[in-house]
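[1] Got a predicted structure here, sequence first:
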Amino acid sequence: MLEILGKTKIDFISKRNYAFGFSGIMALLGLVALIQIGRGQANLGIDFAGGTAVQLKFEQPIKIDEARRVLSDHGFPDAELQEFTQGNKLLIRVKQQNTIQEDVANRIVQVFEREISTNRFVVDSSTAIGPTIGQELQRKAVIAVVFSMIGIILYIAVRFEFRFGIAAALATFHDVLAVLGILYILDKEITLLIVTALLTLAGYSLTDTVVVFDRIRENLKHRRRESLEEMINGGINQVLSRTIVVSLTVVLVLVALFFFGGEVIHDFSFTLLTGVLVGTYSSIFVASPILAVWRGSRGKLLKRA
Amino acid sequence: MKRGIRGRLLLLSITVLISIIFFLPSTPVYPLLPDWWKNVMPSRGITLGLDLQGGIHMVLEVEEEKAVENLVERTASSIKDFLDSEKLPVASVKRVGPSDLIVTLSDPGKKADVAKKIEANYSNFIQKESQDNDLVYHLREGEVIRIKDSATTQALETIRNRIDQFGVAEPLIQRQGARQIVIQLPGVKDSKRAKDLIGKTALLEFKLLDEDHPMSRTLPLSITTLNEETFLAEYGSKVPEGDELMFERLIDSETGEIRKRPYLIKKRIMMTGDVLTDARVSIGQFNEPYVSISMDGAGAQVFERITGENVKKRLAIILDNNVYSAPVIQDRISGGNAQITGSFTTQEANDLAIVLRAGALPAPVRTIQDLTVGPSLGEDSIRMGIRATVLAGILVILFMMIYYRMSGMVADMALVLNLIVLMGGLAAMNATLTLPGIAGIILTIGMGVDSNVLIFERIREELRQGKPVRLAIDGGYDKAFLTIVDSHVTTLITAVVLFLFGTGPIKGFAVSLSLGIAINLFTALVGTKIVFDFINSRWKLQRLSI
């Protein structure tokens, strides 16, 4: 048998205060990011904020300073530029217009055609989104998050116990917040695709938590002589090698996506990658310790214990 | 036990076979298949999303209140003509607000007569009030609702017509909600042209120039687009009652500079484009393209009367508030044929003919979402997506084989089965595969591995306790069962919520994720178990390679 880990006996629960401290900071960071998004101060993608994005593919490398100068000379001083050196691509974003009838995308293309005529290019993609659509999407994203949280808490409450549901939901929410905080600090653009990634990682983190909880539940039923801390620790240790093997395979997949998946899903895979790490951490260091802290005197599983 | 294995094996083989049949149309093998197969078996396969094959996705909003305004406007001019012909001339008939008309009398004594005539002939309007010289009419509410509703339906029809004539393979044109239209044009390369064609209101109007007013002689011959504001500031306030300023776009064929020529035009609409029966591109004697139009019988009569009454005057041909040309009427024109000239290229003339043939939109449309993906980005994305997926797949397969050896190979086989059934399922649903969809598939690969790892770790635990192989396998599957169900169901909840509330790319992601989860459950709990049971029943394993 090839094993990464043998039988382990690590005392995770005793380290919960450090974990809670660290997680508290990460969650706080995420809350700041969330508030900034709500105030429209964060780096919101045009699919939420409304605006125009044009991606051009040039024949020769393009100087980003020159592109910026040309754009600001022709009425786009606020345009954001992002360069993909692979394939000489340039992404230009203009946010927050009142209407897209004026066809900003077309004007940008014309500016480049006229001003940088020596370097030919093709339009890779262009996106224009009116502000009403962005608000609609924001609303739907919030609804989706709230509903999936409720659904998950209910399911776990039925299958396990109410406090398990709350602990799992808290841990999952913590993961989403922590990753959001990291994205905010790195000034990554929050797009629809990133929101998809956040929801996916919520799903992943949840799966991970459920697997650990499942083992703790089993221990609660069978190992009645041990203390609660021992049973929780035991559960985490018993599934530890599974946790590590699975995280490792998912990380393998995501690393491949991150490096070779192309620019469109680059940030997507980055978000998932951080999410898997945070999600694995949180099942062990956030969700499980909550069960140790919140003992739930009348819980049906604990009664047996 | 042996019978049980056979039954499950059969179920698994049938599932895989059906999946392959559904997925075949999306593979390069399909064109080689015999015709009888193509006739009987599924033929749609998986459609590639716009992000993978390039194309346009647009959401348009119909400004339906404009359709109401247009109708009121047209009725105003029709009432004026009607009263003139009934020898009951009035000073003016004007639209006020979105759906009201004011008829201003020149002779207050005729008020009752006028009101009676209007009531008899324009029953869709209802008289609201009357002050000294004015009669105010209001478009009936039911009528307003009907017009608004039909505006979007008509716009949809017209746009579909235009796209059909433009020639796009498999366009999607759909109504969304009360006033939005979703358009998807896969594979369209000239996006600007397609957008112009779709978004143009294409309202063709014929109006007379006001050459009698002294202002028309003081207008500059042309202005640059930059000077437009100063021009409007200077002349805008001096425009006489009943007239308006309009521009013709002039493009210098050598420098490409755009200038505008102002015209003083009488507001009254002489005729609109709804009488057109055909529009064709022709080439003039200087090799310049123009569009020749033909009108129906009634239109031809009106046109003949207008031209007859206005010989030597200039008639402006206006499309969407842009003057195309303003020729001098040389003579009465009968037969209902006319030409629209202007400075445009052959392609522009071609597109103009298309929009004129397809008819005008009942109201202007506003683009509220517009995603265009060039074909090269789509190709890049596909290439990189496939490369990343293949690489990820190989890494996972190798890892499982090294870590779990023979059992790992069983898991790898399950992984491949998973992918085949997932592709078959997506094909059976005629799903559209997008980039986030691929991401969803990759995620299910991860989850598939998770199920197997859970089972294998449990089997290892059982083996460590010294249980014989068969019992260890059964025990491992039993104990992992609930864990796998719980973890899959929680993720499925998220995926279903995403499907219900997500739009566009998120929906694609949710579809492949939920389908993937369901298939995972099946292969993890049924698929791999069969293999173990089968091997075990054949060889009675003493040691398990895990």
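    Perfect, thanks for sending it.
[2] okay, CA-based contacts and neighbour counts for the rest of this
    Fine.
[3] Report the outermost residue of the chain with respect to its centre.
    Using chain A. The centre of chain A is farthest from one residue, A:Thr118, which by Cα atoms, centre = their mean lies 40.9 Å away.
[4] try again with chain B
    Distance-from-mean max, chain B, by Cα atoms, centre = their mean: B:Gly466 at 64.1 Å.
[5] just to revisit the earlier point, doesn't the residue farthest from the centre of chain A lie inside a strand?
    No - applying DSSP: H, G, I helix; E, B strand; the rest coil, one finds A:Thr118 to be coil, outside a strand.
[6] can I assume B:Leu101 is in contact with B:Lys94?
    Yes - counting by Cα atoms under 8 Å, B:Leu101 does reach B:Lys94; the two are 5.5 Å apart.
[7] Counting neighbours, go ahead and name the busier of these two.
    B:Leu101 (25 against 19; other Cα atoms under 10 Å in any protein chain shown).
[8] three-state assignment of that one?
    Three-state assignment for B:Leu101 (three-state DSSP): strand.
[9] Distance check, the nearest residue to it once chain neighbours are set aside against B:Thr75.
    Take B:Leu101 and drop its neighbours on the chain: the residue closest to it by Cα to Cα, 6 or more residues apart in numbering or on different chains is B:Arg95, 4.5 Å away. Note on B:Arg95: its distance to B:Thr75, by Cα to Cα, to the nearest Å, is 9 Å.
[10] So which of those two has more stuff around it?
    Neighbours were counted for B:Arg95 and for B:Thr75 using other Cα under 10 Å; B:Arg95 has more, 22 against 18.
[11] That one should be in a strand, yeah?
    Yes - counting by three-state DSSP, B:Arg95 falls inside a strand.
[12] Just the pLDDT for it.
    pLDDT recorded at B:Arg95 is 88.
[13] Show me where the stretch 151-300 of chain B has its strands.
    Listed in chain order, the strands of the stretch 151-300 of chain B (DSSP state E, counting those that start in this stretch) span B:172-176, B:180-186, B:204-208, B:223-224, B:243-251, B:258-266, B:271-272, B:276-283, B:289-295.
[14] With mean pLDDT, distance to B:Glu461 and mean neighbour count as extra columns, can I get those strands in a markdown table?
    Output for these, formatted as a markdown table (pLDDT from 0 to 100; distance: least, Cα to Cα, whole Å; neighbours: other Cα atoms under 10 Å in any protein chain shown):
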| stretch | mean pLDDT | distance to B:Glu461 | mean neighbour count |
| --- | --- | --- | --- |
| strand B:172-176 | 87 | 55 | 16 |
| strand B:180-186 | 89 | 53 | 22 |
| strand B:204-208 | 91 | 80 | 21 |
| strand B:223-224 | 84 | 83 | 16 |
| strand B:243-251 | 87 | 81 | 18 |
| strand B:258-266 | 89 | 80 | 20 |
| strand B:271-272 | 86 | 83 | 17 |
| strand B:276-283 | 88 | 80 | 18 |
| strand B:289-295 | 90 | 82 | 21 |
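[15] possible to save those strands as TSV with distance to chain A?
    Converted to TSV, these look like this (distance: least, Cα to the nearest Cα, whole Å):
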stretch	distance to chain A
strand B:172-176	13
strand B:180-186	12
strand B:204-208	21
strand B:223-224	17
strand B:243-251	16
strand B:258-266	14
strand B:271-272	25
strand B:276-283	27
strand B:289-295	25
